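*Asks:* let's see this in three dimensions:
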Amino acid sequence: IYDGDTLTVNNDAIYPMMSVFKLHQAVALCRMFEENGTSLDSVMTLRRSELDPDTWSPMLKDHSGEEISLPMRRLLEYTLIESDNNASNEMFVRLMSPAACDSVIAGIIPRGSFEIRFNEAEMQADHSRAYSNRTSPLGAAILIDRLFTDTLVGKSYQDFIKSALMRCQTGPDKISAALSEREGLTIGHKTGSGYRDENGRLAASNDVAFVTLPDGRHYSLAVFVKDFDGTDAEAAATIARISAAVIKALE
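*Replies:* Sure thing, here's the model as predicted:
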């Protein structure tokens with residue numbers, strides 16, 4: 001999406017979102033927080049015994065106690081910046097279900113462009129469920145574009161989400177790989193990566209980004225790679241090549 005124009009390629013709503021859905025979750029939760037008068041400084045206490053030690057979870061590594069008490073903003077930072085699965089799953093279980101999140105986001109982007117049905121633990125238990133948390137590339141691009149250019153939730157909540165996406169630490173070899181050496185450019189993005197099936201195919205390698213150029217122009221880009229036969233690095237390189245082509249066309 002650039003300057004009111006849109007280009008799509010293979011835009012069916014069949015791509016597993018994987019952790020990209022943590023962006024949708026954050027937007028939906030912040031809408032609920034605003035409606036309920038809940039501060040991002042409100043604290044949630046998690047019990048280590050209820051968390052999954054075998055999933056991607058920087059939060060679990062950072063905190064050694066049996067109880068982990070963190071403000072909502074820190075839990076969301078773990079999901080948006082480091083893509084923490086335990087933090088996301090606990091918020092889905094205790095605060096807002098996947099179905100409720102799906103309903104909120106359906107009021108922001110086209111209903112047919114996405115679907116959210118399962119949380120992280122449910123996908124971990126049955127990898128095929130990842131295909132039910134699906135999106136079109138354009139659906140994801142519309143969401144991040146509206147987040148950075150429109151009003152989706154109160155300013156303090158929305159500024160927080162944008163700031164977290166601009167500090168994203170995952171997927172440096174994806175969209176941002178083609179942008180890292182350009183001065184004055186900023187990027188906010190959310191990545192996702194999937195499981196491998198019995199044949200070794202990678203279910204998903206994804207990135208959706210909002211990029212602001214030094215002269216103030218901006219664009220949104222979503223690249224989703226599905227059922228990939230190569231390595232994770234090769235999938236990321238595919239995304240980086242598309243990102244490089246886009247920035248070259250705009251310079």
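
*Asks:* contacts only, for residue 63.
*Replies:* Residues near residue 63 by CB atoms under 8 Å, 6 or more residues apart in numbering: residue 70. For every residue, glycine as well, the C-beta is placed using N, CA and C.

*Asks:* now it: phi and psi?
*Replies:* Backbone geometry at residue 63, expressed as degrees, to the nearest 10, gives phi -130, psi 120.

*Asks:* now residue 73
*Replies:* Comment: the main-chain dihedrals of residue 73 come out as phi -60, psi -30, following degrees, to the nearest 10.

*Asks:* that one: neighbour count?
*Replies:* As a burial measure, the neighbour count of residue 73 was computed by other CB atoms under 10 Å and equals 16.

*Asks:* show me what the longest helix along the chain is packed against.
*Replies:* As assigned by DSSP state H, the longest helix anywhere in the chain is helix 232-250. For helix 232-250, the elements it packs on are strand 202-212, strand 218-228, judged by 3 or more CB pairs under 8 Å, 6 or more residues apart in numbering; DSSP states H and E.

*Asks:* could I get the full set of helices for this structure?
*Replies:* Using DSSP H, the helices of the chain run over residues 21-36, 58-62, 72-81, 85-94, 98-105, 120-125, 137-149, 155-166, 232-250.

*Asks:* pLDDT score for residue 157?
*Replies:* We note a pLDDT of 98 for residue 157 in this prediction.

*Asks:* what's the answer for residue 181, then?
*Replies:* According to the model, residue 181 scores 84 on pLDDT.

*Asks:* returning to what we had before: tabulate the helices of the chain (a markdown table), appending distance to residue 174.
*Replies:* Below are those laid out as a markdown table (distance: least, CB to CB, whole Å):
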| stretch | distance to residue 174 |
| --- | --- |
| helix 21-36 | 15 |
| helix 58-62 | 19 |
| helix 72-81 | 15 |
| helix 85-94 | 19 |
| helix 98-105 | 22 |
| helix 120-125 | 20 |
| helix 137-149 | 13 |
| helix 155-166 | 14 |
| helix 232-250 | 4 |
